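> Build me a model from this:
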Amino acid sequence: MLKKDQFQWTEESKVAFEILKAAMCQALVLALSNFTKGFCLETYASSKGIGAILSQEGIPVTYLSKDLGPKQMDLSIYEKEYLVILMAISKWMHYLEEGSFIIKTDHEALKHLLEHKLTTSIQKKGLTKLLGLNYVIQYRKCRHNLAADALSRRDKNEGELRQLTTIVIIPTWVQEVEQSYQNDLVAIEMITQLAVFVQDTTEWTYSKGVLRNRDLYGYTPPTMTWSTDSRVADIQKLLQERDTMNTILYEQLDKAQQRMKHYTDKKRSDRVLQVGDEVYLKLQQYKQSSVALRKNLKLSARYYGPYKVIEKIGLVAYKLQLLENSRIHYVFHISLLKRKIGEKVVTSRDPLEVNAEGQLRVYPLLVLDKRIVRRNKTSVTQLLIQWVNFRPENATWEDFNVLKS
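Numbering: from 1, shown residues only. Now for the predicted structure:
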């Protein structure tokens with residue numbers, strides 16, 4: 001083609017040039033927004049995703065495509081269609097808050113949105129987001145809403161690939177090392193101490209399930225420093241100003257830390273326990289979600305015991321002699337301990353019985369009473385149940401058929 005007289009401008013070349021020129025001169029797929037004109041919001045919600053398109057005069061300005069979470073998949077179709085409208089308006093509020101716009105949805109019930117009673121949480125939430133906006137909701141049949149429909153049905157393989165990218169891969173050798181610690185008493189003791197000590201002052205560190213020795217490489221990691229010497233005067237001046245600002249910053253941070261420490265230390269006390277002392281243990285109240293009991297744990301016991309201190313670990317941690325069936329660790333920070341004073345023992349229950357997941361075990365212990373109540377013109381037998389880990393005054397009436405099932 002570069003040789004002399006090889007290129008010829010034929011009719012085919014002219015047609016190809018005109019096609020190329022027309023393609024280069026045409027508008028882009030997404031148009032630039034014009035705030036003097038109104039916007040149109042098209043929405044659609046499928047079983048597993050939502051889609052929305054913001055357009056002007058039939059030309060799209062931007063679009064939204066998102067997968068629904070497990071909780072959102074259980075919503076009704078009305079709530080899903082309402083949800084996609086709220087999410088689209090929240091995302092494109094800077095486009096819609098100034099002028100009027102039209103919302104087109106394939107759910108006809110939403111056309112009378114302002115006339116509905118606020119019965120669900122999503123309706124109450126949507127009322128605050130739509131308040132003050134100038135909009136009109138129009139019904140569009142599903143077969144005319146194909147673009148938003150396609151955005152709501154994302155590729156299944158794409159979602160699975162996204163989930164694979166979030167999987168944390170643990171090497172096999174790390175798992176083998178973690179398993180080897182279970183039968184090594186020295187390693188277990190070292191991990192317990194490192195959980196209490198400041199690891200910067202010890203020879204060993206424990207992170208990501210592996211014990212590491214600081215002297216493994218024979219030297220400490222070098223400290224990165226910046227030189228303030230330069231042959232260029234402006235650069236040297238800039239470096240010196242930066243060091244001056246860093247010095248001032250460090251001084252101000254140190255003053256702020258000391259000021260916070262001063263006010264915090266006013267509420268602290270220097271407590272030291274000895275081996276053989278008896279202490280009360282402060283435990284966090286357990287939560288249970290398997291049984292819907294009408295029970296408030298706010299007024300339950302905060303301290304349990306007393307228990308004997310059998311070992312001091314470091315400066316602020318102590319090992320206690322707990323019950324054999326306890327499912328909690330036996331090393332505690334001193335802030336969770338209160339010394340027992342005198343011979344009188346304050347009555348407190350043992351730690352509540354929990355399962356392997358740390359949740360409070362709740363199941364019927366005793367049947368205290370029985371009654372028959374009328375419900376929907378039928379007789380219902382109810383039993384007064386005392387639950388495990390709760391006192392008799394916290395017993396509740398439960399239906400016999402529910403307990404039996």
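
> In stretch 76-90, which residues are buried?
78-89 (16 or more other C-beta atoms under 10 Å). From N, CA and C alone the C-beta is placed, and that goes for glycine too.

> Now flag whichever of those is closest to Thr128.
Leu86 (9.9 Å; C-beta to C-beta).

> Distance of that closest one relative to Ile191?
48 Å (C-beta to C-beta, to the nearest Å).

> Which of the buried residues of stretch 76-90 fall in helices?
78-89 (DSSP state H).

> How many neighbouring residues does the closest residue to Val210 other than its chain neighbours have?
Nearest residue to Val210, sequence neighbours excluded (C-beta to C-beta, 6 or more residues apart in numbering): Val177, at 5.6 Å. The tally of other residues near Val177 (other C-beta atoms under 10 Å) stands at 14.

> Which pLDDT value goes with Val177?
Per-residue confidence (pLDDT) for Val177: 78.

> Kindly report the same for Gln236.
Gln236 is given a pLDDT of 81.

> so Trp387 makes contact with Leu365?
Yes: in this structure, Trp387 is within contact of Leu365 by C-beta atoms under 8 Å, at 6.1 Å.

> what about the two, which has more around it?
More neighbours surround Trp387 than the other of Trp387 and Leu365, with 21 against 14 (other C-beta under 10 Å).

> Quick check: phi and psi at the most centrally placed residue in the chain.
Nearest to the geometric centre of the chain sits Gly69, at 13.4 Å (C-alpha atoms, centre = their mean). Torsion angles at Gly69 (phi, psi; degrees, to the nearest 10) stand at phi -80, psi 170.

> Distance of it relative to Ser13?
55 Å.

> Can you give the domain ranges for this protein?
39-157, 175-216, 270-360, 364-404 (automatic domain parsing).

> average pLDDT for the third one?
Model confidence over domain 270-360, given as mean pLDDT, is 73.

> still on that earlier bit, from the buried residues of stretch 76-90, which is closest to Leu323?
Using C-beta to C-beta, the buried residues of stretch 76-90 come closest to Leu323 at Glu79, 48.7 Å.

> returning to that earlier point: just the ones in helices among the buried residues of stretch 76-90 now: which is nearest Arg140?
Nearest to Arg140 among those, with distances taken as C-beta to C-beta, is Glu81, at 11.7 Å.

> Nearest spatial neighbour of that closest one, chain-adjacent residues omitted?
Per C-beta to C-beta, 6+ apart, closest to Glu81 is His107, 4.0 Å.

> Per-residue pLDDT of the one you found, please?
83.

> Over to it: give its phi and psi.
phi -100, psi 110.

> surely it meets Ile77?
Yes: in terms of C-beta under 8 Å, His107 counts as a neighbour of Ile77; the distance is 6.8 Å.

> Adjacent strands (with direction) for the helix or strand that contains Tyr307?
Tyr307 belongs to strand 303-313 when assigned by DSSP states H and E. Each strand paired with strand 303-313, and its direction, by DSSP bridges: strand 278-282 (antiparallel), strand 317-320 (antiparallel).

> so of the ones you listed, which one's packed in deepest?
Of all the strands paired with strand 303-313, strand 317-320 carries the top mean neighbour count, a mean of 20, counting by mean count of other C-beta atoms under 10 Å.

> Present the domains of the chain as JSON lines; the columns should include distance to Gln240.
Shown next, in JSON lines, are the domains of the chain (distance: least, C-beta to C-beta, whole Å):
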{"stretch": "domain 39-157", "distance to Gln240": "44"}
{"stretch": "domain 175-216", "distance to Gln240": "31"}
{"stretch": "domain 270-360", "distance to Gln240": "42"}
{"stretch": "domain 364-404", "distance to Gln240": "67"}
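
> Quickly compare the ones you listed and say which is most buried.
The highest average neighbour count among the domains of the chain, using mean count of other C-beta under 10 Å, belongs to domain 39-157 at a mean of 16.

> per-residue pLDDT, the residue nearest to the centre of the chain?
pLDDT, Gly69: 83.

> contacting residues for it?
By C-beta atoms under 8 Å, 6 or more residues apart in numbering, the contact list for Gly69 is empty.

> Do me a favour and get the backbone dihedrals for Asn246.
phi -60, psi -40.

> ok, so what distance separates it from Lys255?
With C-beta to C-beta as the criterion, Asn246 and Lys255 are 15 Å apart.

> what do you get for Asp229?
From Asp229 to Lys255 the distance is 30 Å (C-beta to C-beta).

> Could you do Leu194 as well?
From Leu194 to Lys255 the distance is 32 Å (C-beta to C-beta).

> And Arg271, by the same measure?
Distance from Arg271 to Lys255, by C-beta to C-beta: 28 Å.

> For this structure, name the helix or strand with the lowest mean pLDDT.
When the helices and strands of the chain are scored by mean pLDDT, DSSP states H and E, helix 156-165 comes last with a mean of 47.

> And the next helix or strand after that helix, what does it pack against?
Beyond helix 156-165 on the C-terminal side, the first helix or strand identified by DSSP H and E is helix 172-180. With contacts taken as 3 or more C-beta pairs under 8 Å, 6 or more residues apart in numbering; DSSP states H and E, helix 172-180 sits against strand 210-213.

> ok, the strand it packs on: who's next to it in the sheet?
Using DSSP bridges, strand 210-213 pairs in its sheet with strand 204-207 (antiparallel).

> Off-centre distance for the partner strand?
27 Å (C-alpha atoms, centre = their mean, to the nearest Å).

> ranges for the strands of the stretch 251-400 of the chain?
278-282, 303-313, 317-320, 331-333, 337-339, 364-375, 378-387, 396-399 (DSSP state E, counting those that start in this stretch).

> can I get these in a markdown table with distance to Gly99?
Below are the strands of the stretch 251-400 of the chain laid out as a markdown table (distance: least, C-beta to C-beta, whole Å):
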| stretch | distance to Gly99 |
| --- | --- |
| strand 278-282 | 59 |
| strand 303-313 | 62 |
| strand 317-320 | 64 |
| strand 331-333 | 59 |
| strand 337-339 | 64 |
| strand 364-375 | 55 |
| strand 378-387 | 59 |
| strand 396-399 | 57 |
